[in-house]
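Asker: Prediction below, plus the sequence it came from.
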Amino acid sequence: MQGEDLLAIGGMTFTNRLFTGTGKFASKALIPKMLEASGSEMITVALRRVDFASETENILSYIPKGVRLLPNTSGARNEKEAVRIARIAREAGCGNLIKIEVITDMKYLLPDNHATLLATETLAKEGFIVFPYVMPDLPLARQLEDAGAAAVMPLGAPIGTNRGLETRSMIEILIENCRLPIIVDAGIGRPSQAAEAMEMGADAVLVNTAISSAEDPAAMGQAFSMAVAAGRMAYLAKMREESKTAVASSPLTGFLS
Amino acid sequence: MQGEDLLAIGGMTFTNRLFTGTGKFASKALIPKMLEASGSEMITVALRRVDFASETENILSYIPKGVRLLPNTSGARNEKEAVRIARIAREAGCGNLIKIEVITDMKYLLPDNHATLLATETLAKEGFIVFPYVMPDLPLARQLEDAGAAAVMPLGAPIGTNRGLETRSMIEILIENCRLPIIVDAGIGRPSQAAEAMEMGADAVLVNTAISSAEDPAAMGQAFSMAVAAGRMAYLAKMREESKTAVASSPLTGFLS
Amino acid sequence: MQGEDLLAIGGMTFTNRLFTGTGKFASKALIPKMLEASGSEMITVALRRVDFASETENILSYIPKGVRLLPNTSGARNEKEAVRIARIAREAGCGNLIKIEVITDMKYLLPDNHATLLATETLAKEGFIVFPYVMPDLPLARQLEDAGAAAVMPLGAPIGTNRGLETRSMIEILIENCRLPIIVDAGIGRPSQAAEAMEMGADAVLVNTAISSAEDPAAMGQAFSMAVAAGRMAYLAKMREESKTAVASSPLTGFLS
Amino acid sequence: MQGEDLLAIGGMTFTNRLFTGTGKFASKALIPKMLEASGSEMITVALRRVDFASETENILSYIPKGVRLLPNTSGARNEKEAVRIARIAREAGCGNLIKIEVITDMKYLLPDNHATLLATETLAKEGFIVFPYVMPDLPLARQLEDAGAAAVMPLGAPIGTNRGLETRSMIEILIENCRLPIIVDAGIGRPSQAAEAMEMGADAVLVNTAISSAEDPAAMGQAFSMAVAAGRMAYLAKMREESKTAVASSPLTGFLS
Amino acid sequence: MQITVNGTSETIDACTIAEFLAEKGLIGDGVVVEYNYQIVKREKWPIVRLQESDNLEVLSFVGGG
Amino acid sequence: MQITVNGTSETIDACTIAEFLAEKGLIGDGVVVEYNYQIVKREKWPIVRLQESDNLEVLSFVGGG
Amino acid sequence: MQITVNGTSETIDACTIAEFLAEKGLIGDGVVVEYNYQIVKREKWPIVRLQESDNLEVLSFVGGG
Amino acid sequence: MQITVNGTSETIDACTIAEFLAEKGLIGDGVVVEYNYQIVKREKWPIVRLQESDNLEVLSFVGGG
């Protein structure tokens, strides 16, 4: 029965709703361990100019076969750069998935929603399966739908802050009103926050920093994976509403004389 | 390695840190299913006068052998009644575990801390392994330590409200300053809240209403169990602090000309 | 000294940092009473087609001379309509202030940020003093600066919900990083929330629903005005940071033998 | 009309619902300035052994005539010491008001509820007007009523932490269920938090650290006073409930063709 | 003569804007008139004569937030 | 003969606890008996005879949190 | 003569409470005196003579919250 | 011969892309090459000869979130 709760995005299906990232691991050798412990089925990578002075390590070699690659366009400051990076990534043989990330502000790394929309339009037409990383914004999300995005990836809090679902209410509105899958990305610092996103009805969660910078990234990856599964399971098992006053769990009828 | 993270209370050891309750299941037959799905190793029961008019169903017959029984003193309005109920439960062959619950207010079902302390003193001297259910209160918790309690069970929110860790800050103080195990009891409505309690360093969580009144109690029990394990694992894997500003997960060095 | 803490926007200066609205008063006669009680110096109005079947009441006649009018473009579904409404409002002799409101979603009434940016560009060039109502979004706010906006008006929560500063963290980022005045608009339901916005460093707060739909709108207007002033005063008087552990306010040196 | 909203406690009446404290002012000369700016009508003081080595400054000489003195029993570690300090304070001519503070934990300065109850019983019988400082705890608060307390003073957060209404939900339960006035004491760090306490229905707020350790204590005292008045006024003017979805403040009927 | 008023087609006798509004019972205080997508100032109302197929928007300020 | 059972006065014929419970249809599995404020173990039920004015509490375990 | 003042043992010459305080430089405004666990009112200070082994608490009001 | 490599001007001897990369110590696994703003597939590297003023971007996949 569990096997039937599949997440479908862009023609792919996932059984594990935790997506992960390859940034900031103390050692790249931790990446396959984390992937094994967490069971994550999709992981982000970035593209950068080779630094000829130091040895180039191929991050792809650390990612097991079955795991899907989601290259991002980090470094892009506008839609044109994002499009260019996406094309390079595809040409490099990484498939046609792309996470669009257009950032101009270096302090909070907040995405430029409109530039992301423009890049989404262009890339979707070129056959990419587009995952736009955006500020949670319902009118924009609807335009992303029309532009052909495969999912919407709203941030919970600024990248790497571990502050969790600061934008909770806006994400709830996305979940309620968008037809596309909602993948909460950025800012998630603790498994409980990932679980909460899933309980709210998010379709998946993407976690990088909180896993890669933990003391034990493999264990943390597993913890996030379990929390995401727990939150999803609770969402499906239908939790009850909050109640203002108490509701006894033991009988309150008279007892003993 | 996982197997070594055991919870020791009153001479017992637990591998699963989710404790459950038998109250409010739509059908008692759901109890063993929930216990199997969640793997919970201790479950609460209550004592009540038999109603001769209706058929008596023995709740104990629904609880598999390996699961420990934790009778509560619900119905007690003062320390004397709590002590009397505890003794009856022990005589009934239920072992010497007891959850002390002394409640006078019927709207919010909040425990009387001082009466609970007095009952704890008496019962600990009589050889009971005492689990006092209390308002989170550090000075009182220290007195419970001195009185011989086996653990402290602070409430997160009023019983059955599903409102979660409303008393978060006072529970954090207990965790930081008590030598006894802290088991968050009452009010936990969603797996994410249980995970958060564990991430804070709680030793275990007791959940009844949120599981028994879910549409699918077995699945919800499993969800809580996974969330508790996830929170515990994250606590052990050491999460990073929150950061005010963003911390890039992708490199931000110059890219493309 | 208080008199010197003036708010300057678009060549105007305000001593009272509570802006108000004319929507949803049970009786229009309450508007001047609310304005007197609150001391608010700017109030929004909307434009609508006259309904010939019912008597037309001129809302402007209820607004005392000294209070500035801020017409909004509510009803606009795109930048063109917003521009058209703004021009009509100006021609109607209402001055050159305009609050841009472009809304396509009727359930949460969330603004379309990009359309608002486009309308801002056009209207600022035509000499309007533009107050754009937007989702809190730093990259967009910077584009609004470049487009000639006089202030940025981020929403705290959806219009009329009384849910307060749900977008708190994104508003804090705006306050920290924008040169333009930040006026928190929409969703503020209680004076404490308005005070908190001011403590965070917001320049002003606009409140309509919470005042007009209170049982006593004049008293509520006064309450909001005092709370806004209190929050501003506290911001200027520099509050201390939070502390994890207690800091005694009474001496803790030994006492009595 | 405002003049009629008086707070009655122990036979006294107050028009200003902000109570203040004398601890931690950089200079005692700031106290009368703060009292004038805030209009606070009651202020706490403590008793300590004279240090013969340094000059004794009489704090009482800084408190204007009309302001009531509320001596506290800080330094007391049990009910006996609290009773002894209370008697000394009364003998010293300070009147029969007493704030009972019994603290054993030096890290979080949390009060011992049961010892406070015992001291309240004794002192109320001796004719004191007793203000017990306690952990928010409904069953205890009811016992304080029976013991003759004049009010209940639950803490919002540990003393001096500026963390605000961390115990919000337990205080709400006190407000709803106690006949005695509820005065939120300790932990309130910002005017918005004081306003929120009043909006919830608290009868008064006591603030010391947040005022005395501000850069400008007089301005901060005034800010708190205004915020408390604003919160009270809003409570009386009846705020509306929160709404999940938006409620338009401008008409949404069709507009322009 | 057929014109469009506030989005609705209407048959009227030849008249000026001022006369049209007076007929409708509008004194005009607080009323704004857009005539064929151009604002017409109050002082021009007695001068402008409505023509077949004209588009008229008659607006007023109302409560809004 | 008059006894108090679970707080209610009841008239019964002379019998043992075991007989009383059997009459009530209780086989006794999961049932606890307090007889004049003392627990009576199951093996003693056939021995203890109820007396005038006795106080009997018949309890069982039920669902609780 | 040995007395205990504020918890510390001290050797003094015979004197009244008032004289003792004056010696210490305390005019007494805002000062409270507990003498052998009893409050002594200000007007009694010149009358009460300190004795060997007496316990004196000299207190004053200070800032507190 | 002068070309631009990753935004920096560099003087090199005439060679193919493959030779250039080998010189730099790059075997090429996981490396992407953009040559005058067009991606050049790996199998073309031994064929394409660098020319004066060419623009070369040599990229690789790295960790990112």
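Answerer: Looks like it arrived, so ask away. Everything numeric in this text was worked out from a predicted model, so none of it was measured.

Asker: Neighbours of residue 46, how many?
Answerer: This is for chain A. Burial of A:Ala46 is recorded as 29 neighbouring residues (other CB atoms under 10 Å in any protein chain shown). Just so you know, the C-beta spots here come from the backbone N, C-alpha and C atoms, and that holds for glycine as well.

Asker: my question was about chain E
Answerer: For E:Pro46, the number of neighbouring residues by other CB under 10 Å comes to 12.

Asker: Same check on the one 5 residues further on?
Answerer: Neighbouring residues of E:Gln51 were enumerated by other CB under 10 Å; the total is 11.

Asker: what's near enough to touch it?
Answerer: Remark: with contacts taken as CB atoms under 8 Å, 6 or more residues apart in numbering or on different chains, E:Gln51 is in contact with E:Met1, E:Ile3.

Asker: per-residue confidence at it?
Answerer: E:Gln51 is assigned a predicted lDDT (pLDDT) of 91.

Asker: what's the helix or strand for it?
Answerer: Secondary-structure assignment from DSSP states H and E places E:Gln51 in no helical or strand segment.

Asker: for it, phi and psi?
Answerer: phi -120, psi 160 (degrees, to the nearest 10).

Asker: what separates it from chain H, distance-wise?
Answerer: As for E:Gln51, its distance to chain H is 59 Å (criterion: CB to the nearest CB, to the nearest Å).

Asker: Who are the contact partners of the residue of the stretch 1-150 of chain A at minimum distance from chain H?
Answerer: Per CB to the nearest CB, the residue of the stretch 1-150 of chain A with the smallest distance to chain H is A:Ala46, at 2.5 Å. Applying CB under 8 Å, 6+ apart, one finds that A:Ala46 lies in contact with A:22-23, A:71-72, A:74-75, B:250-251, H:61-65.

Asker: Would you format those residues as TSV with pLDDT, neighbour count and distance to C:His114 included?
Answerer: Rendered in TSV, the data for the contacts of A:Ala46 read as follows (pLDDT from 0 to 100; neighbours: other CB atoms under 10 Å in any protein chain shown; distance: CB to CB, whole Å):
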residue	pLDDT	neighbour count	distance to C:His114
A:Thr22	96	30	32
A:Gly23	93	27	29
A:Pro71	96	23	26
A:Asn72	96	28	23
A:Ser74	93	30	23
A:Gly75	91	23	23
B:Ser250	81	29	25
B:Pro251	76	18	29
H:Phe61	90	25	32
H:Val62	90	25	32
H:Gly63	91	24	32
H:Gly64	91	28	27
H:Gly65	90	30	26
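
Asker: Closest one to B:Ala219 out of the residues you listed, please.
Answerer: Proximity of the contacts of A:Ala46 to B:Ala219 was ranked by CB to CB; the top entry is H:Gly65 with 31.7 Å.

Asker: Which of the three states applies to the closest residue to that closest one other than its chain neighbours?
Answerer: The shortest distance from H:Gly65 to any non-neighbouring residue, by CB to CB, 6 or more residues apart in numbering or on different chains, is to B:Ser249 (2.7 Å). Applying DSSP: H, G, I helix; E, B strand; the rest coil to B:Ser249 yields a three-state assignment of coil.

Asker: for A:Ala124, same thing?
Answerer: Assigned state for A:Ala124: helix (three-state reduction, three-state DSSP).

Asker: what's the answer for A:Ile88, then?
Answerer: Applying three-state DSSP: A:Ile88 is helix.

Asker: where's the residue nearest to A:Leu6 when sequence neighbours are not counted, which helix or strand?
Answerer: Here the nearest residue to A:Leu6 in space, its sequence neighbours aside, is A:Thr13; by CB to CB, 6+ apart that works out to 4.5 Å. Applying DSSP H and E as the criterion places A:Thr13 in strand A:12-14.

Asker: Pull the residues that contact that strand.
Answerer: A:Leu6, A:Leu7, A:Ala8, A:Glu41, A:Met42, A:Arg68, A:Ile129, A:Ala204.

Asker: leaving aside the residues next to it on the chain, what's closest to the fifth one?
Answerer: What sits nearest to A:Met42 in space, not counting adjacent residues and going by CB to CB, 6+ apart, is A:Arg68, at 4.2 Å.

Asker: is it true that the one you found touches A:Thr44?
Answerer: No - the pair formed by A:Arg68 and A:Thr44 falls short of the contact definition of CB atoms under 8 Å, at 10.0 Å.

Asker: now the residue nearest to H:Gly65: how far from A:Arg190?
Answerer: Remark: distance between B:Ser249 and A:Arg190 (CB to CB, to the nearest Å) = 16 Å.

Asker: and what of A:Leu118?
Answerer: Here A:Leu118 is placed at a distance of 34 Å from A:Arg190 (CB to CB).
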